[in-house]
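> just a sequence and a predicted model for now, questions to come.
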Amino acid sequence: MKKYLYYNINKYINKIYSWILFGLLITLFISWYIIKIPFFLEIIFFNKLFLLTILVVQLLNIFLISNLINKININSIMLMYILYLILTGISISNIFLIYNYISIIISFLICNIIFLIMNYIEYIIENDITKIGNISLILIVGSVISTIINIILKSSLIIFITSYISILSFTILIVWDIQKLKEIGKNIINNNEKIKKYSILGALILYLDFINLYLLILKLSGNKK
């Protein structure tokens, strides 16, 4: 029974990773493709209402997938996830204008290495890190507030400190989220429909961790054009 549970949870986690890989490929392709079209560039970077609309739709997608997952059919969840990927690709497309390609690739590889290491750490540890995960969330909220305040103060020191705190927080959050997803997996392992749905939800959660971590690493270490 234990082997059966372990095997099926691994299948569930592998589905999550497949959706994450799919998500990252779609996001990077959209980001790269958008900057090739001047018309889209003008809309994206000179129309604040358009960017605000993207943000609102992204938040709405996260809310719907997270809170109504058992009420929405699998096809709708897939479409919302793909829409989120496309909108993220559009919103971060400026990285190809700000940073050189080498920095973008190196930062992406560094983020992948961190992600793999944290996956391995989660695999070998047995302790519940819920409390540490909660602390990480508090640190992220604090970093966001500090960033908002820094828009007024414009202090490079605050940017430096909050960026490193955020990187540490998202790194720990990866382990916490994987643990949380495995616990969810134990409760849905015999329901194929739920496995399909929750694998997309899990992918969205870890995708958010990855993208935020990646953008922070790029911001700190990337060489601008």
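That came through, no problem. Numbering: from 1, shown residues only.
> for Leu52, grab the count of nearby residues.
By other CB atoms under 10 Å, 10 other residues sit near Leu52. Placement of C-beta: from N, CA and C, glycine included.
> and it, helix, strand or coil?
Reduced to three states with DSSP: H, G, I helix; E, B strand; the rest coil, the structure at Leu52 is helix.
> ditto for the one 3 residues further on
Leu55 carries the three-state label helix when classified by three-state DSSP.
> pull the CA atoms of the helix or strand Leu49 falls within into CSV?
Assigned by DSSP states H and E, Leu49 belongs to helix 48-67. Extracted in CSV, the C-alpha atoms of helix 48-67 (Å, rounded to 0.1, in the frame of the first residue of the first chain):
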residue,chain,number,x,y,z
LYS,A,48,-0.8,51.7,-18.1
LEU,A,49,-4.4,50.7,-18.3
PHE,A,50,-3.5,47.7,-20.5
LEU,A,51,-0.9,46.6,-17.9
LEU,A,52,-3.4,47.1,-15.1
THR,A,53,-5.9,45.0,-17.0
ILE,A,54,-3.4,42.2,-17.4
LEU,A,55,-2.6,42.2,-13.7
VAL,A,56,-6.3,42.1,-12.8
VAL,A,57,-7.0,39.2,-15.2
GLN,A,58,-4.0,37.3,-13.8
LEU,A,59,-5.2,37.8,-10.2
LEU,A,60,-8.7,36.7,-11.2
ASN,A,61,-7.3,33.6,-12.8
ILE,A,62,-5.3,32.7,-9.7
PHE,A,63,-8.4,33.2,-7.6
LEU,A,64,-10.7,31.1,-9.8
ILE,A,65,-8.2,28.2,-10.1
SER,A,66,-7.4,28.2,-6.4
ASN,A,67,-10.9,28.6,-4.9
